[in-house]
Structures are given as C-alpha cells and as structure tokens.
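Visitor: Sequence and computational prediction follow.
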Amino acid sequence: MLKPVRMLPRHTVVEPDGDPHLNEEWLLTNGIGGYASGTVSGAITRRYHGLLVAALPNPHGRTMMLQAASERLLWGDPIADAGPEAPTAGRPEPTLSVSEFRLEGGLPVWRYTAQGIVLEKRLVMPYRQNTVYILYKLVEPEGPMRLAVRPRIHFLPHDAPVSAGDPPKYVVTACDDRYEISSGADLPPLRMIVHGTSPALMLDHLPVESVFYPAESHRGYDSRGWFWSPGYFRVDVSRETPAALVASTESWATISALSPQQAMDAEVERRRLLLANAGMPSEDPASELVLAADQFLIDPAGRMEDSARAKAAGNEFRTVIAGYHWFTDWGRDTMISLEGLALSTGRHHDAGCILRSFSQYIRDGLIPNLFPEGQKEGLYHTADATLWFFHTLERYADLTGDRALIQTLLPKMTDIIRHHLRGTRFGIRVDPADGLLSQGAEGYQLTWMDAKVGNWVVTPRRGKAVEINALWYNALMLVERWMRAESMAVPAEFHDAAQQARESFNRRFWNASTGYLFDVVDGEHGDDPACRPNQIIAISLDHPVLAEAYWRPVVQVVQDRLLTPCGLRSLAPGEPDFKPRYYGDLRSRDAAYHQGTVWAWLIGPFVDAWLRLYPDDRAGARRFLEPFIDQLNQACIGSVSEIFDAEYPYTPRGCIAQAWSVAELLRAWIKTSSRAPVRFEKQM
C-alpha cells in the first residue's frame, strides 16, 4: 500500500481539515502500552505525536520521551566535520521532502528525495520494550553522504497539555558512544545511540523552540508548546552501510541486545507469525486488520501490582487498550473487542488471560468501566460492561472449546446475577414489577453512550435502556445453560427472571406507532422513542430477547435511517437532537458524540442481526463491510477510527485507531467469509 505525500514545513500553522496529509497518521505500538505516532508528512499536529511515548510504571503512565527527529543531508566529504548549520563544498544543502509513505507488514516506511538523492527511513519498536529504532538507508546515489539527525526532546505525560510546566534543565551525559538525557524529575533517562559509520553527537546551544499544535487548537485545548534539542547526531550513510538512531528508556544491556537490523527482522517475523496464526492470507484485506488488532492487546507495563497478583494466581496479566492515543483499558470496550482482537486472530491464550484478569476486579457484581492513566484502582460506573462479560466468556468457550474457564468463573457469574437481581451500585437493579433492568445515578453516564462535560451528562439514558435489557436477558440465559451443563440446579429466580424479562421486553419496548423499539422505557421523561442503533443488540446476541416477529422491521429501520458506509449513526437524521458533525471544542464534540455521530463498532451487531434474519445472505452482509476497506487508507493508515461524521463525506473523527472498530470489522469480515460457519442459538 503506497501513500504518496508532499512534505510540509515542520510546525506550520495549518487548518487540520485543509490538507489531507495532516490528517493521515501512522501508529506503532510496543505491546506494553507505549507507542510512536505522527502524521505521514512529518508535521507535528497533536500532543500525542512522538517517536517514543514510553509506558512507564505507575504513577507515570505513558510518557512522551522523544518528540521528533529531523533529518538533513550534507554535500562534500562525508568524513569532514560539518553540521547542519555548516554547508560544505559551497553548495546549498539538499532540502529533503517526503515523496512516498507506505506500510510494509504494518511498519511505516518513508522515502525522502532531494536533487537526485533518495533516502529511506523505517521505524520499528521491539515488542515489549520502550525502545524505538529509526533506520536510514541511502537508495540513490551510492554514497556515502553525511546524515545529520536532530532529536527533539520533551518529557511529559502523553496526555498533558502541551503548555504544561516550565522547560526543565535537561542534562546530557556521555560514555563512549552512549548518551543519556535526564530531566532531574523522577523519570528514567532517555538513552540514545547511533549505529553507522563515524557517528558522533555534536552539541550546540539550540534554545527552546515554540511549537504550534493545530489539532489541539481545533479541539479546544492549549496549542502552544515547546521542545529542546541537545544538538544533532551525525553519521555517514551509503547504499551499503545504513545507519540508525536508537532511543530507549530500557537498560543499556537491553538496548545492546539487538542490532537495528536484528530488531527489524525480529518484528517482521513476529508479524508474519501473527498472520499465520490467524490463518489469514496476506492478500486478504483483513490481514491489515489482524496487524491492527495486535496494537490493542497489551501487557501493561505501568500496572506492576496487577501483574504481580496475576502471576501469583498462575495467570498472565493482559488487557486491551481501547484506543490510541488517549484511551486506557475500558471494561466495556475490552469485552466487545475481545472476540475480534484475540479469538478471531487465533490468540486464544491472550483472550483467556484477559478474561481471568478482569474477573479479579469484580466488585459488587460489576467489572470496572476503566482504569485511569497512572492510577491503581479502576472506576466502576458502568451498567453494560459486566453484562458484555457474559457474552464474551461464552464466545471464548465456544470458539476455543475451553469450558474449564466457565467452570472456574461460574460462581462469580452467578454472584453477578444475584447482585443485579437485588440491586447494586449506581441504581443498577431489576424492577420486580416487570423484571427489566433499570440503571441510573445522578451525574453518571452508565451506558456506552457515555459523553459527559463537567456535570452535564449528555445522554443520561437513566431508566430501562434497550441494549442493557437485551444484555441482561442474554446473561440470564447463558448462566442457565452453563449451570445445566455442569449438572447444577438452576435457581428458580434465575429462570423466572429470564422469562419475565423477555415477556416484559417485548411488551414494553415495541413501539407500534413508529415500528421500532423504544431506546429507553421508564426514563426520566417517560419512554424515549428516539431512533437509535442500540435496538439492534436485541437481535444480535446469542439469545435474542426480541421476538422474531419484530426482527424484520427493526433491521429495516436501522438499515434505512442509521446505516452508513462507516458504521451506524448514533441517532437518526430528523431527530430533534441530531448533530451531523463532530467538531469543535470539548463541549461541542461531546454534544455530538452520541447524537448522530457514526460509530464503526456497531457494524458488527448489525451484521449479526442481518445474518440472523437472512442466514444465507453472507454476500449481502459482506457488502456492508466493503466500504470500510477504504478506511484503512484514511486517518490512521492501516487502522480504523473511533467515529465518523454523520453525513457525507463521513470524515473520520475521535481516536485515530479504536479497538472495537478494528475488532468488530475484523470479526464481521471473517463471519461473512464463505469459509466461516454461521451459528445461532435456539431460543430456550
């Protein structure tokens, strides 16, 4: 996949939507939560753009260590002592510009050109290391030539405002060809080394430079920051003798363990094995999604206590990053994503570890909603994450044949049911009058439609939400099945709760006047008739709560009013609160987040519902997915964005790479393959 781009001057003030190359981004991850990311043009537009965002132990969390590295080539004798500010041979220095960007096996490659010179740059992050290798190769001419690489430093939490703090006084220390940069704060030093011919660090006195971040400006955040540079590294490069800059927070022993080429070869082989393990032909478009899925499955380096507890219990600590750049691991996103990320890619061991890990966090019948960056304790304000846990556990057991995990977790799952029946935190409880699950607490957003600005919960949905009750019924049916499989007596209250919930659901949620389901019943303002996508989940789960007679009209209205080439709208056009565009400052964006904005992950439940209604129409279901393949060349190249505008041209928005967007597209793509069986549970 080739992406020709033109180079823009570094830090140019530009409208992000005005030039596509400022909206095309790349992402590398390291399997422990760290990453590198930027625009394909090289311009820095976000606070999150950097070549090494290290995943450090709590309380630090992910920390920007190396923001950028700019390159220059020099004419003349490559052995001469010349730097970027001292052209040789009386000629102007060649000005490098990006002529091509592409991904090879998911790894970014740039080609720079200048006056007949072609320089190639590649990036790789070794798996489970806070290290980045920047490899350079002279393609034309044969060389040698002198390359100057200037690192740009800014140590700060990756989601801190770009204006945070005063520029610290960095200290540079050197021993032979090894260099360390420290800030005096309680952070590891940034260790750097250059591989190649005649490497050296040329110290200079470059002052702190001001940087404008246009994407931050358009998102309503502080947009003027700074960086510092100790000088520039020089190294001679030719067609036969490449060069590399290595930056890391790891020990020198770890950094020295691999040469740049060995690091590249190891990562290329790891990615080849990922595709082989997934059984995915390299020519299948989904092969890119398999590599994208790998970016979200991590062993979080920051949570050392959680890792120690998991190991003590004989487990390996794994989790899912919900999205890059700013999300951590979220319970809801993890449970929705896990089948696509891990089970569809043959990573069954990782899936089992994640399910075991989350089972250790159950409190009062709930799993955490999220784990805040740099903190030890999870937050539990969610009504649906725990219910998705039941669904994912069943998918795991069904796809792997490992029923032992269900046997192990069954006592915890039945305890969750009992907590919901008698009532637990945040007003989550079954209404004994109709058996439907109600939820809501002032100031909290408990469903996946969870935007909140200050004290304003944009879509509170307090009451009995349609997808919450679909998930509740599915959980009851799964527990009943699991207990019977273990020859256990099913408590009458469980069986009766399921039957009451199903009868009440079809009586209360079907809206005869509109021909589709209410979004919420018994809400703060009565029953909510807004046309939203949540109703599709009443058909898509293993045990659909919605009576079959209503499937066709619900699928039809979702297709007619909510379906787009990028997923489902969160609210239908024509509804009073519909917002066609997700844009502006935080308040403006969150006001539109679930009021029309398209969510890619919802294409998975829609395909499930379509195939339940039309089980022989895989080709028709596949057609809903094909437009997504074009998204792999937009926004984050090789991945899928979190959300999209509700109207044409469906501009990608939000996180540039989102776990459940990738996961549900991949899962649905495999499900609509001619090779995949379509299996549905019978009503019990």
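Guide: Everything's here; your move.

Visitor: Identify the residues contacting the closest residue to residue 513 other than its chain neighbours.
Guide: Closest residue in space to residue 513, ignoring its immediate chain neighbours: residue 529 at 7.7 Å, by CB to CB, 6 or more residues apart in numbering. All C-beta spots, glycine's among them, are computed from the backbone N, C-alpha and C. Residues in contact with residue 529 (CB atoms under 8 Å, 6 or more residues apart in numbering) are 511, 513-514, 518-519.

Visitor: redo that, cut-off 10 Å
Guide: 511, 513-514, 516-520, 575 (CB atoms under 10 Å, 6 or more residues apart in numbering).

Visitor: Same question for residue 222.
Guide: The contact partners of residue 222, by CB under 10 Å, 6+ apart, come to 47, 160-164, 213, 216.

Visitor: Likewise for residue 549?
Guide: Neighbouring residues of residue 549 by CB under 10 Å, 6+ apart: 506, 510.

Visitor: got the phi/psi numbers for it?
Guide: Residue 549 adopts backbone torsions of phi -60, psi -20, taken as degrees, to the nearest 10.

Visitor: and if you look at residue 174?
Guide: Residue 174 adopts backbone torsions of phi -140, psi 140, taken as degrees, to the nearest 10.

Visitor: Name the residues linked to it by a beta bridge.
Guide: residue 179 (DSSP bridges).

Visitor: And for it, the neighbour number?
Guide: Neighbour count of residue 174, defined by other CB atoms under 10 Å: 12.

Visitor: separation between it and residue 250?
Guide: Using CB to CB, to the nearest Å, we find residue 174 at a distance of 18 Å from residue 250.

Visitor: swap in residue 394?
Guide: Residue 394 is 40 Å from residue 250, by CB to CB.

Visitor: what's the answer for residue 33, then?
Guide: The spacing between residue 33 and residue 250, counted by CB to CB, is 14 Å.

Visitor: what does residue 557 give?
Guide: Applying CB to CB, the value for residue 557 to residue 250 is 54 Å.

Visitor: again, but for residue 625
Guide: Going from residue 625 to residue 250 by CB to CB gives 40 Å.

Visitor: again with residue 242
Guide: Distance of residue 242 to residue 250, given as CB to CB: 22 Å.

Visitor: Assumed residue 186 was part of a helix.
Guide: No: when DSSP: H, G, I helix; E, B strand; the rest coil is applied, residue 186 is found to be coil, with no helix at that position.

Visitor: related to what we said a few turns ago, more neighbours, residue 394 and residue 250?
Guide: Higher neighbour count among residue 394 and residue 250: residue 394, with 22 against 17, using other CB under 10 Å.

Visitor: quick one: pLDDT of the closest residue to the more buried one other than its chain neighbours?
Guide: Spatial nearest neighbour of residue 394, chain neighbours left out: residue 478 (5.2 Å); criterion: CB to CB, 6+ apart. Looking at residue 478, its pLDDT is 98.

Visitor: Burial check on residue 478, number of neighbours?
Guide: The burial count for residue 478: 23, using other CB under 10 Å.

Visitor: Wasn't it part of a helix?
Guide: Yes: secondary structure of residue 478 (three-state DSSP): part of a helix.

Visitor: Is it correct that it is in contact with residue 391?
Guide: Yes: contact status for residue 478 versus residue 391: in contact at 7.5 Å, counting by CB atoms under 10 Å.

Visitor: Residues that sit against both of those two, list them.
Guide: Joint contacts of residue 478 and residue 391 (CB under 10 Å, 6+ apart) are 541-543.
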